[in-house]
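Enquirer: need a structure here:
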Amino acid sequence: MGKGLWSWLLALVVSLGLLSGCGVIDAVFLKPPQDTALELLQAGDMAMEEEDYGQAIEYYTKLKDRYPFSPYTTQAELRLADAYYQDHSYLEAENTYKEFESLHPGHENIPFVLLRIGLSNFKQFKSIDLPQDNVTEALQYFNRVAEAYPQTPVADQANKYARKCLRFQAEHEVFVADFYWRTERYLSAWKRYAFIVDEFPMFEDVVEYAKSRSQLAYVMYQRQAAEEKRISQQGSWKQLFDWL
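Expert: Predicted coordinates for the structure are as follows:
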């Protein structure tokens, strides 16, 4: 075999090695192609169907972060909030729905978003003996839905939950008034029971209870005030005799 042929074969082997080496280098050092926005959205939707909400949250978040200007991003933003809500992560759901409302105030799903903000607050309610901030905010959103979107399918649900919020508030006020009664702060109890009668006429059982307790609290307050006055007067006379 001539020298020229050997040189040609050597060059061919080297070339083939370089070509195959490029494939190896690409596989080792180059990043694999990222999922498209549509693929991430579809993967998130599939995870939602399988009730794997943590995985759905991951997919929708990736879509938002990687493709902020994609036509699928708005869908991902709303479905991310839905995933948090279905996962019972109500604080995260509330914040994500609020972010969606601020970014897309004219979106066709805003009535639903407002309802979900209310529900996310409502479901953070713990007990009538604790501060009612979540219930108060939930009521505001339910009322917004009922007043601004009365013809939408979610209006009836908003009205139903608004009444539940009012019931929680009424029961909380009764709890506070009863506390004043038990601690013999009858003036504060009387005023609180009277407030309940004025503010929650829609709950007959609560109003009936508050009226009866209000009357008793007023009587007890009058007795307490009279006793305090008598003691004060007796103390004044005693101080005078002690001085003499």
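Enquirer: what packs against whichever helix in the chain runs longest?
Expert: Using DSSP state H to define each element, the chain has its longest helix at helix 204-243. Counting contacts by 3 or more CB pairs under 8 Å, 6 or more residues apart in numbering; DSSP states H and E, helix 204-243 packs against helix 155-182, helix 186-199. Where C-beta positions appear, they are placed from N, C-alpha and C, glycine not excepted.
Enquirer: which one of the ones you listed lies closest to Asp205?
Expert: helix 155-182 (9.6 Å; CB to CB).
Enquirer: Turn the helices and strands packed on helix 204-243 into JSON lines, including distance to Tyr72 and mean pLDDT.
Expert: Converted to JSON lines, the helices and strands packed on helix 204-243 look like this (distance: least, CB to CB, whole Å; pLDDT from 0 to 100):
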{"stretch": "helix 155-182", "distance to Tyr72": "28", "mean pLDDT": "97"}
{"stretch": "helix 186-199", "distance to Tyr72": "47", "mean pLDDT": "96"}
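Enquirer: Let's have those in CSV, adding distance to Leu41 and mean neighbour count.
Expert: CSV is the format used below for the helices and strands packed on helix 204-243 (distance: least, CB to CB, whole Å; neighbours: other CB atoms under 10 Å):
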stretch, distance to Leu41, mean neighbour count
helix 155-182, 27, 18
helix 186-199, 47, 19
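Enquirer: Now distance to Phe125 too, for those helices, in TSV please.
Expert: Compiled in TSV, these are given as follows (distance: least, CB to CB, whole Å):
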stretch	distance to Phe125
helix 155-182	6
helix 186-199	19
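Enquirer: out of these, nearest to Arg116?
Expert: Comparing the helices and strands packed on helix 204-243 under CB to CB, the one sitting nearest is helix 155-182, at 10.5 Å.
Enquirer: which strands and helices sit next to the closest one?
Expert: helix 110-122, helix 133-148, helix 186-199, helix 204-243.
Enquirer: Save these as a markdown table, and put in distance to Leu40 too.
Expert: Output for the helices and strands packed on helix 155-182, formatted as a markdown table (distance: least, CB to CB, whole Å):
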| stretch | distance to Leu40 |
| --- | --- |
| helix 110-122 | 22 |
| helix 133-148 | 30 |
| helix 186-199 | 49 |
| helix 204-243 | 50 |
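Enquirer: can you tell which of the ones you listed is closest to Tyr53?
Expert: Of all the helices and strands packed on helix 155-182, helix 110-122 sits nearest to Tyr53, with 14.4 Å by CB to CB.
Enquirer: neighbouring contacts of that closest one?
Expert: By CB atoms under 8 Å, 6 or more residues apart in numbering, the surrounding residues in contact with helix 110-122 are 78, 81-82, 85, 90-91, 93-94, 97-98, 100-101, 104, 107, 134-135, 137-142, 144-145, 148-149, 152, 154-155, 157-158, 161, 164-165.
Enquirer: Please spell out which residues along it are buried.
Expert: Neighbour-count burial for helix 110-122, with 16 or more other CB atoms under 10 Å as criterion, is recorded at 110-122.
Enquirer: Which of the residues you listed sits closest to Asp178?
Expert: Looking across the buried residues of helix 110-122 and measuring by CB to CB, the closest to Asp178 is Phe122, at 24.0 Å.
Enquirer: Against Tyr97, how distant is the closest one?
Expert: 13 Å (CB to CB, to the nearest Å).
Enquirer: for Asp133, same thing?
Expert: 17 Å.
Enquirer: neighbour-wise, which of those two wins?
Expert: Tyr97 (28 against 11; other CB atoms under 10 Å).
Enquirer: Could you quantify the relative orientation of the helix or strand hosting the more buried one and helix 110-122 as an angle?
Expert: Assessed by DSSP states H and E, Tyr97 sits inside helix 90-103. Relative orientation of helix 90-103 and helix 110-122, computed by axes from the mean of the first three to the mean of the last three CA atoms, to 10 degrees: 150 degrees.
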